[in-house]
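In: sequence first, then the predicted structure:
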Amino acid sequence: MLFGAFLFRVPAPGWTPAGWVPPADSNHHLITRHHVHVDNAIKTVSFYLLWAVLFLNVTAGIGILEQASPMIQEMFKGAVKPSAAAGFVGVLSLFNMAGRFGWSSLSDRIGRKATYGIFFTLGPMLYLALPYAGHIGSVALFVGCAGLILTMYGGGFATIPAYLSDLFGTQYVGAIHGRLLTAWSCAGVAGPLLVNYIRQYRIDHGVPPADSYDVTMYLMASLLVVGFLANLAVRPVPARYHMSEADLARDRGEAAAGVGRP
């Protein structure tokens, strides 16, 4: 990683790839031609809507990933052995990786907002299908739905930096992304906590382990519906937050000289 870091080079101001032409209608995909300073980005409504979008997407996905092995064994007791459950977790990791490539590539064509719209439309149906698969004893349906959920979990991570770049410009997207990742931190606590607590609560009240995940899956589906509304509410950043050309030139000059912004 250190060796790779030394290979990075900052393009010259105004540089573009040969033959590149800006999109004719950039507003359709919320792509800005301006830049927003990180200090101002966290004052916008769009930042907190995207925070909610990432938090809800990750909370739902990580809840499945964290309990994948015991969940499939308990929902299909006797039909899925521990070794097969371990293999299932490995397969989910492959789906996670594939989603990072697939969904982020699709977002380049249809836009980030539309991509997250798919996550939050398809996701609730998949979560509702998980307990149904357990009730009818279909391991294949369960694995397929869980796999698709994990592609969207990984795809959400891969797409969010580009979403931020579209809304806030590229000048401070790294710093803005770092602040947005607090949503990942919170989701890393909330997802497993919700799944574990609700599962144990239901088991303690006499619900069979195989049925203890139903309410959790319904809750995750509800969270994704909230995420759909948050994503739907995302709008272009108001012009008052855009950096002026003078501020942008000053910041780029300071960065080139190794001087921090006051």
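Out: Yep, that arrived.
In: in three-state terms, label Gly19 for me.
Out: Following DSSP: H, G, I helix; E, B strand; the rest coil, Gly19 is assigned to coil.
In: start at 20 instead
Out: That works, and once the first residue is 20, the last one we named lands at Gly38.
In: so what's it up against?
Out: Contacts for Gly38 (Cβ atoms under 8 Å, 6 or more residues apart in numbering) come out as none. Yep, even glycine has a C-beta here, placed from its N, CA and C like the rest.
In: also Ser184?
Out: Val192.
In: which pLDDT value belongs to it?
Out: For Ser184, the pLDDT comes out at 94.
In: how near is it to Ala60?
Out: Here the criterion is Cβ to Cβ, to the nearest Å. By it, Ser184 lies 11 Å from Ala60.
In: between these two, what contacts are shared?
Out: Common neighbours of Ser184 and Ala60, using Cβ under 8 Å, 6+ apart, do not exist here.
In: where does the chain have low pLDDT?
Out: Counting by pLDDT under 70, the chain has low-confidence residues at 42-48, 271-281.
In: please repeat the previous calculation with a cut-off of 50.
Out: 46, 281 (pLDDT under 50).
In: does His261 touch Arg52 like I think?
Out: No - contact criterion Cβ atoms under 8 Å: His261 and Arg52 do not qualify, at 9.3 Å.
In: who has more neighbours, those two?
Out: Using other Cβ atoms under 10 Å, the more surrounded residue of His261 and Arg52 is His261, with 19 against 10.
In: ok, for that one, nearest residue in space, not its chain neighbours?
Out: Sequence neighbours aside, His53 is the residue nearest to His261 in space, at 4.0 Å (criterion: Cβ to Cβ, 6 or more residues apart in numbering).
In: ok, now Leu149?
Out: Once flanking residues are discounted, Leu149 sits nearest to Met236: 5.0 Å by Cβ to Cβ, 6+ apart.
In: are we agreed that the residue nearest to His261 is in a strand?
Out: No - with three-state DSSP as the criterion, His53 is located in coil rather than a strand.
In: how many other residues sit next to it?
Out: 16.
In: count of neighbours near Ala104?
Out: Ala104 is flanked by 17 other residues according to other Cβ under 10 Å.
In: list the buried ones in the helix or strand where Phe161 lies?
Out: Assigned by DSSP states H and E, Phe161 belongs to helix 158-187. By neighbour count on 16 or more other Cβ atoms under 10 Å, the buried set for helix 158-187 is 158, 161-162, 164-187.
In: please apply the same query to stretch 231-251.
Out: Neighbour-count burial for stretch 231-251, counted by 16+ other Cβ under 10 Å, picks out 231-233, 235-236, 238-240, 242-243, 246-247, 249-250.
In: can I get these in TSV with secondary structure?
Out: Compiled in TSV, these are given as follows (three-state DSSP):
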residue	secondary structure
Ser231	coil
Tyr232	coil
Asp233	helix
Thr235	helix
Met236	helix
Leu238	helix
Met239	helix
Ala240	helix
Leu242	helix
Leu243	helix
Gly246	helix
Phe247	helix
Ala249	helix
Asn250	helix
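In: quick one: which of those is nearest Leu141?
Out: Leu243 (9.0 Å; Cβ to Cβ).
In: distance check, the residue nearest the centre of the chain against Asn115.
Out: Nearest to the mean C-alpha position of the chain, by Cα atoms, centre = their mean, lies Gly175 at 2.6 Å. Distance, Gly175 to Asn115, using Cβ to Cβ: 10 Å.
In: swap in Gln219?
Out: In terms of Cβ to Cβ, Gln219 sits 26 Å off from Asn115.
In: quick one: which of these two has more around it?
Out: For Gln219 and Asn115, the more surrounded residue by other Cβ under 10 Å is Asn115, and the numbers stand at 20 against 11.
In: pretty sure that one contacts Leu169?
Out: Yes - with contact defined as Cβ under 8 Å, Asn115 reaches Leu169; the gap is 4.7 Å.
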